[in-house]
Structures are given as C-alpha cells and as structure tokens.
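Trainee: Sequence below, structure please.
(one chain, ligands or ions: 1)
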Amino acid sequence: MPDTGKESYRALNGLYVLHDELGSGGFGKVKLATHLLTGQYVAIKIIDKKKIGNDLPRVKTEMDALRTLSHQNICQLYQYIETTEKFFIIMEYCSGGEMFDYIVRKERLPEAEARHFFRQLVQAIAYVHSLGYAHRDLKPENLLLTEELKLKLIDFGLCARPGGPGLVNNKPLDTCCGSPAYAAPELILGQQYLGNRADVWSMGVLLYALLCGALPFEDDNMQLLYRKISNGRYYEPDFLTNSSKELLKRMLQVDPERRITVNELLRHPWLNSTYQAALKWQTIYDKNLVDEDVAREMAYHYGTQLGTMVGKIKEWRFDYLTATYHLLLQLKARGEKFALPPPR
Ligand SMILES: O=C(Nc1ccc2c(c1)CNCC2)c1ccc(F)cc1
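Mentor: You can find the predicted model right below:
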C-alpha cells in the first residue's frame, strides 16, 4: 500500500499498484504503476485538486484533448479517475523516458537519428492540428520514448481547443504558455498569434536541440532571452549540413507569415530525403474498429458474449475496461502472448 494519504489512493485499490515516481511536473507527480489485470506497466499522473487551485481548467483542457486524440505518436490515455481530492490520469508508460535525457546522454544526434525522431514529431503535430488543436508547449520534456525508440507526445495541459480562444490568442506568455526558450516571438510579445504557427517555431527549436545538443536562444536573463528570440538570430555550428540549416531557417522565421507551415513540412526534402514514402501523418487507429482477438479474451474473462464486449469497448469510457483493451492490444502489437485470468 502506498505511504501517507492512503485514503486518497483508495480509488486505485484492486486496479493498480503504485511504484516509484517517474517525474513531477508543475501539475503533480507521475508514478509508475502496474495495471493488475494485465500485469502491464502504466504511468499515473496524480493531480491534487487543492494544489492546482485555479489551474483546474488546464486539467479539463488536457482531459478533453486526450479523450479526442488517439495517434501512434501521442501518449495514449487509458483511464481517468476523479475523486473528491484528486485526479488520476492513467497513461501509456514510455520506458525510454524523456527525449531531453536522451539528447543530454548522446550530447547531440546524427542527422539521420534526428530525422527519425523529428518525422514522428511532425506526424503527431500534423494530426493534432488536423483536429483543430495546437499543443503550445512543445519541448524535449514533453517528448517521451518507448522501448523501441518511438516518440510519444505528452502534456496537452496548455493546448488550444478547437474554436476556443487559444487558437488565436494574445495572452502574454506567463498566463498561458510554456517555456520561454521554445516560445515563438509573436507569443512572447503577447501579440495575436496562431497556435499552429507557434507550434512550428517550437518544433524548430526542438530540431535545433536534436541536431546541436544546445538551444538556439538561451539566456538566464529573461529580458535578454526575449530579445534573442525576437531577433531570431542563432549560432549555426559547422557540423550542420546545408539542408539542416535551410530547414531550421524556414522554421525559425520570426515573421509567422513567412514561417514554413506544417503542410509544407510534411513535404520538405529534409524529412523525406532517405525515405521513399512522403510523411504519412494520419492516425493508424480507428475508434470504430475493435480488435477481435483482444475483445474475445476480454469477453472470456468478463463472461460476456463477444458482441456485447465489442459494444462495451466501443463506448470508450476511459474506465478500467478501456485501459485493459489498450494494454492487451499493445501486447498483441508487440507479438507477445496476452491472456486474462478465467472468470471468477
Ligand atoms: O512514462 C512516462 N514517464 C517516464 C517513463 C520512464 C522514465 C521516465 C519518465 C524518467 N526517466 C526514467 C525512465 C510518462 C508517461 C505519461 C505521462 F503523462 C508522463 C510521463
């Protein structure tokens, strides 16, 4: 049983066992846990309502986004539990940890490896934008890696909702958006900005970090940092290829009107040079399609007809059933045997 605050974790009893902490963000902590029915690891984001106070809307924003978004490069929401004191957001566990740590360990990435990760980020963002969302807090800490070095985007707490005020926003940085080092000039100047274009700037900063192992705009003094970002001038190390330099220049355009768009990115030669197919960004998942093998195993365990189980899964309630389905599907996708205990 977890330490103090036992009663507040009661909601997890019989469903999950908590292990050590994976990280703690502005919002609360993320703990490693085991989903008991399948024995699979998950990550549980635990948010204390008292501690977030008037930031509660950000949690709702994130939940709305995560319920809608389902993509191979976005960390999958499995289950959502709300109690009087806390939110428990049960997510896909990404055992490779944060991209930030990966870059630090390797200092900087060869162009081919940077491309491998950057393509997946562009696919995730193209999908997010196609649904009218903008992420608005893109940084290496919000990019996680799986065991197979697949990239998974997390933390939609600052994203702009479709048609919401966020899409065109002129709130100054501190009130609404993420880390200054990755923030677009128009955003830090508190001007009107389009979330989509601001995301492209942040992706440019990320690509620079992948390729150079450093940030293009950096200063401990916030005012000087803002000035560097607004000038848009940065150091180009000699090891950068001309095509990398050209792409960075197109992404780190101070004028959002002249900045490359996501659609142009999807076709840019730097992303496609060693790959035949153009970037396929659509999701591989179909909410109306339920994997029959997984549903059959679940029907067996819960003692229901297959058709009934398929119907229940399709409700996508983000309850324990949704979590079980995703975890069994993940086992099947990894070619591993998956079985549930027989009905009690
Ligand atoms: O899996 C996550 N974090 C994670 C996983 C593994 C490791 C870390 C974080 C940190 N370094 C050690 C390895 C994770 C998953 C979802 C989420 F919303 C937040 C974090």
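Trainee: Run through who's touching stretch 327-337.
Mentor: 35, 38, 40, 42, 78, 92, 291, 293-294, 297-298, 338, 340 (Cβ atoms under 8 Å, 6 or more residues apart in numbering). The C-beta positions use only the backbone N, C-alpha and C, and glycine is treated the same way.
Trainee: how deep is the closest residue to the ligand within the stretch 51-200 of the chain tucked in, by neighbour count?
Mentor: When scored by Cβ to the nearest ligand atom, the stretch 51-200 of the chain has Gly97 as its residue closest to the ligand, at 3.3 Å. Per other Cβ atoms under 10 Å, the neighbour tally for Gly97 reads 14.
Trainee: Surely it touches Glu147?
Mentor: No: here Gly97 does not reach Glu147: they are 10.5 Å apart, not a contact under Cβ atoms under 8 Å.
Trainee: wait, is Phe239 part of a strand?
Mentor: No: counting by DSSP: H, G, I helix; E, B strand; the rest coil, Phe239 is not found in a strand; it is coil.
Trainee: how many neighbours does it have?
Mentor: Based on other Cβ under 10 Å, the number of other residues close to Phe239 is 11.
Trainee: could you list every residue that touches His129?
Mentor: Taking Cβ under 8 Å, 6+ apart, one finds Asn196, Asp199, Val262 in contact with His129.
Trainee: rerun that using 6 Å as the cut-off
Mentor: The contact partners of His129, by Cβ atoms under 6 Å, 6 or more residues apart in numbering, come to Asn196, Val262.
Trainee: continuing past the helix or strand harbouring it, what's the next helix or strand?
Mentor: Assigned by DSSP states H and E, His129 belongs to helix 111-130. Next in sequence after helix 111-130, counting helices and strands by DSSP H and E, comes strand 143-145.
Trainee: check whether that following strand contacts the ligand.
Mentor: Yes: contact of strand 143-145 with the ligand (Cβ under 6 Å from any ligand atom) involves Leu144.
Trainee: Which ones among the contacts of stretch 327-337 map onto strands?
Mentor: His35, Gln40, Val42, Tyr78, Glu92 (DSSP state E).
Trainee: Would you agree the third one is in contact with Leu36?
Mentor: Right, the one you point to is Val42. No: using Cβ atoms under 6 Å, Val42 is not in contact with Leu36, being 10.4 Å away.
Trainee: Compare these two and say which is more crowded by neighbours.
Mentor: Neighbours were counted for Val42 and for Leu36 using other Cβ under 10 Å; Val42 has more, 21 against 15.
Trainee: Kindly provide the distance from the more buried one to the ligand.
Mentor: 8 Å (Cβ to the nearest ligand atom, to the nearest Å).
Trainee: Which strand residues bridge that residue?
Mentor: Ala33, Glu92 (DSSP bridges).
Trainee: Report the contact partners of it.
Mentor: Applying Cβ under 6 Å, 6+ apart, the residues contacting Val42 are Ala33, His35, Ile90, Tyr93.
Trainee: how about the residues of the stretch 151-300 of the chain near the ligand?
Mentor: Ile154.
Trainee: neighbours of Leu240, just the number please.
Mentor: 17.
Trainee: ugh, typo on my part, it should be Leu18
Mentor: Residues near Leu18, counting by other Cβ under 10 Å: 16.
Trainee: do the one 3 residues further on as well
Mentor: Under the neighbour criterion other Cβ under 10 Å, Glu21 is assigned a count of 11.
Trainee: Surely it is in contact with Lys31?
Mentor: Yes: the pair Glu21 and Lys31 qualifies as a contact (Cβ under 6 Å) at a distance of 5.5 Å.
Trainee: Excluding chain neighbours, what is closest to Val30?
Mentor: Leu22 (4.6 Å; Cβ to Cβ, 6 or more residues apart in numbering).
Trainee: need the contact list for that neighbour.
Mentor: Leu22 neighbours (Cβ under 6 Å, 6+ apart): Val30, Leu32, Ala43.
Trainee: with the residues you listed in mind, which one is nearest to the ligand?
Mentor: Ala43 (3.4 Å).
Trainee: And the closest one, what's its pLDDT?
Mentor: For Ala43, the pLDDT comes out at 97.
Trainee: Test my guess that it contacts Met91.
Mentor: Yes: in this structure Ala43 lies within contact range of Met91 using Cβ under 6 Å: 4.7 Å.
Trainee: Low-confidence stretches in the stretch 1-150 of the chain?
Mentor: In the predicted model, the stretch 1-150 of the chain carries pLDDT under 70 at residues 1-7, 26.
Trainee: So which residues on it come close to the ligand?
Mentor: 22-23, 30, 43, 45, 75, 91, 93-95, 97-98, 144.
Trainee: Tell me which two in those are the farthest apart.
Mentor: Spanning the widest gap among those are Lys45 and Ser95, at 16.3 Å by Cβ to Cβ.
Trainee: Look up how far Thr308 lies from Thr283.
Mentor: Distance, Thr283 to Thr308, using Cβ to Cβ, to the nearest Å: 27 Å.
Trainee: In terms of neighbours, single out the busier of those two.
Mentor: Thr283 (17 against 12).
Trainee: Double-check that that one belongs to a helix.
Mentor: No: assessed with three-state DSSP, Thr283 is coil; it does not lie in a helix.
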